[in-house]
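In: Give me the fold of what follows.
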Amino acid sequence: MTINNKIRLGIIGSGNIGNVHMNIFSQLMDDVEIVALTDLNYPLAQKCAAKHDIPTVYKTNDELILDPNIDAIVIGVPNQWHAPLAVQALHAGKHVLLEKPMAINAQAAREIVKAQRETGKVLMIPHQMRWDWLPLQVKQQIDNGSIGSIYNAKVGWFRRKGIPGWGTWFTDHQQSGGGPLIDIGVHMLDLAFFFLGDAKPVSVFGSTYAEFGPKKRGIGTWGTPDWNGSYNVEDLATALIKLDNGSTLSLEVSWAVHMDTDSNHFIHLMGSEGGASIIGNKGKLLTETFERATEVDLVTPEKDEGGRIRLSRHFVECIREGKQPDTSVMTGFTNNLILDAIYESSRTGHEVILDWNI
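Out: Predicted coordinates:
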């Protein structure tokens with residue numbers, strides 16, 4: 001790191017998520033300096049660099065990754081490029097903040113795990129939802145024993161009409177790896193295992209469906225459609241995941257569906273001593289006292305700085321202290337392993353036993 005002890009950051013990707021990271025890290029300028037940016041759309045990268053006062057714009061990923069003055073790299077590009085860029089960056093001696101999903105599939109995720117182990121560099125997946133105040137409060141109650149042993153969890157996210165960027169990389173399986181399962185389902189898996197702790201998934205049974213996208217229905221507001229493109233991913237997925245401690249996790253996600261839904265994500269945790277429910281930005285703890293069902297609403301803390309600030313600061317701390325991130329390379333691998341198994345189960349109609357070999 002440089003004399004002023006700031007972490008010098010390079011960002012690959014000037015699209016929506018790249019701009020989110022630029023905005024967040026610009027609020028941590030005592031610790032971080034964004035020094036370089038690149039994007040396949042070079043004029044877009046130049047425009048973003050001017051907006052965020054980033055001094056260097058590279059025309060290629062290689063130039064940015066090989067810059068010896070860069071300590072860490074944020075990768076915010078389509079899913080198919082996650083593994084190649086992360087592996088290259090790790091072997092170039094960079095720490096990596098890699099957008100979810102970690103990889104396009106489990107095979108590519110294995111390559112990232114190997115590279116991280118070989119280099120010892122920090123690799124973190126920025127699952128911002130687990131850093132929001134509400135999951136943090138629930139996690140605190142789990143850790144202090146208020147909920148007891150969680151034996152069943154139900155998580156999901158039904159978007160009523162939310163297919164993103166129809167015809168772009170979002171809906172092209174070769175570039176994205178899948179639809180809502182790999183896009184928003186991965187967030188719900190991460191949240192679930194944040195709460196479930198050390199429980200290890202062992203088997204998966206799942207199904208996927210595409211009833212909206214092929215008909216150009218269920219279109220959302222994220223991204224700009226390309227009506228000359230294609231749609232060959234699912235728009236709904238459902239799965240049951242069994243864990244090594246006997247507990248179960250059910251997952252349901254959609255980009256578009258005909259149902260009465262507020263389009264908010266949901267988490268329901270069922271424990272031996274109590275439970276917790278999160279729906280959107282509202283949550284409650286549930287238990288039984290004096291033989292009566294009781295519940296307590298969770299309240300937003302005053303002056304909450306936000307989940308993305310917390311996760312970005314955690315990335316900085318991991319680099320400075322040489323520690324593993326909470327959303328480490330193995331959490332990313334776990335998610336990819338489950339996602340692959342759901343797609344495989346849907347294709348074959350059978351339960352899939354997870355293969356943990358790296």
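In: Excluding covalently adjacent residues, which one is nearest to residue 168?
Out: Spatial nearest neighbour of residue 168, chain neighbours left out: residue 226 (5.3 Å); criterion: CB to CB, 6 or more residues apart in numbering. (Each C-beta comes from the backbone N, C-alpha and C, glycine too.)
In: Cross-check the contact I'm expecting between the one you found and residue 165.
Out: Yes. Between residue 226 and residue 165 there is a contact under CB atoms under 8 Å: 7.5 Å.
In: out of these two, which sits in the more crowded spot?
Out: In this view residue 226 and residue 165 are compared by other CB atoms under 10 Å, and residue 165 has more residues nearby, 19 against 15.
In: Check the burial of residue 146 by counting its neighbours.
Out: Counted with other CB under 10 Å, residue 146 comes out at 17.
In: any idea how far residue 47 is from residue 15?
Out: 12 Å (CB to CB, to the nearest Å).
In: actually residue 60, not the one I wrote
Out: Residue 60 is 18 Å from residue 47, by CB to CB.
In: Those two: who's more crowded?
Out: Between residue 60 and residue 47, counted using other CB under 10 Å, the more crowded position is residue 47 (14 against 11).
In: got the contact list for whichever strand or helix holds the more buried one?
Out: In this assignment (DSSP states H and E), residue 47 forms part of helix 42-52. Helix 42-52 is contacted from outside by 14-15, 18-19, 22-23, 26, 34, 37-39, 54-59, using CB atoms under 8 Å, 6 or more residues apart in numbering.
In: Please list all residues in contact with the residue nearest to residue 168.
Out: By CB under 8 Å, 6+ apart, residue 226 lies in contact with 165-168.
In: try residue 140
Out: Going by CB under 8 Å, 6+ apart, the list of residues near residue 140 is empty.
In: sec struct for it, please.
Out: Taken by DSSP: H, G, I helix; E, B strand; the rest coil, the conformation at residue 140 corresponds to helix.
In: Per-residue pLDDT of the residue sitting furthest away from the middle of the chain, please?
Out: Most distant from the centre of the chain: residue 290, at 40.5 Å, with distances by CA atoms, centre = their mean. As predicted, residue 290 sits at a pLDDT of 90.
In: helices or strands up against the lengthiest helix in the chain?
Out: The longest helix of the chain (DSSP state H) is helix 329-348. Packing partners of helix 329-348 (3 or more CB pairs under 8 Å, 6 or more residues apart in numbering; DSSP states H and E): helix 106-119, helix 186-196, strand 201-209, strand 236-243, strand 352-353.
In: could you point out which element follows the first one?
Out: This points to helix 106-119. Taking DSSP H and E, what comes next after helix 106-119 is strand 123-124.
In: Quick check: mean pLDDT of the host helix or strand of residue 311?
Out: Element membership of residue 311 [criterion: DSSP H and E] is helix 307-321. Mean pLDDT, helix 307-321: 97.
In: any idea where the helices of the stretch 1-150 of the chain begin and end?
Out: Remark: helices assigned in the stretch 1-150 of the chain by DSSP state H, counting those that start in this stretch are 16-25, 42-52, 61-65, 82-91, 106-119, 133-143.
In: Just say which of those helices is most tucked in.
Out: helix 82-91 (a mean of 22; mean count of other CB atoms under 10 Å).
In: For it, which outside residues touch it?
Out: Against helix 82-91 from outside (CB under 8 Å, 6+ apart): 12, 61-62, 65, 73, 75, 77, 96, 98-99, 101-104, 108-109, 111-112, 115-116, 118-119, 121, 123.
In: Report pLDDT for the closest residue to residue 60 other than its chain neighbours.
Out: Of all residues beyond its chain neighbours, the one nearest residue 60 is residue 38 (6.6 Å), with distances taken as CB to CB, 6+ apart. pLDDT for residue 38: 98.
In: What residues are bridge-paired with residue 38?
Out: Beta bridges link residue 38 to residue 12, residue 58, judged by DSSP bridges.
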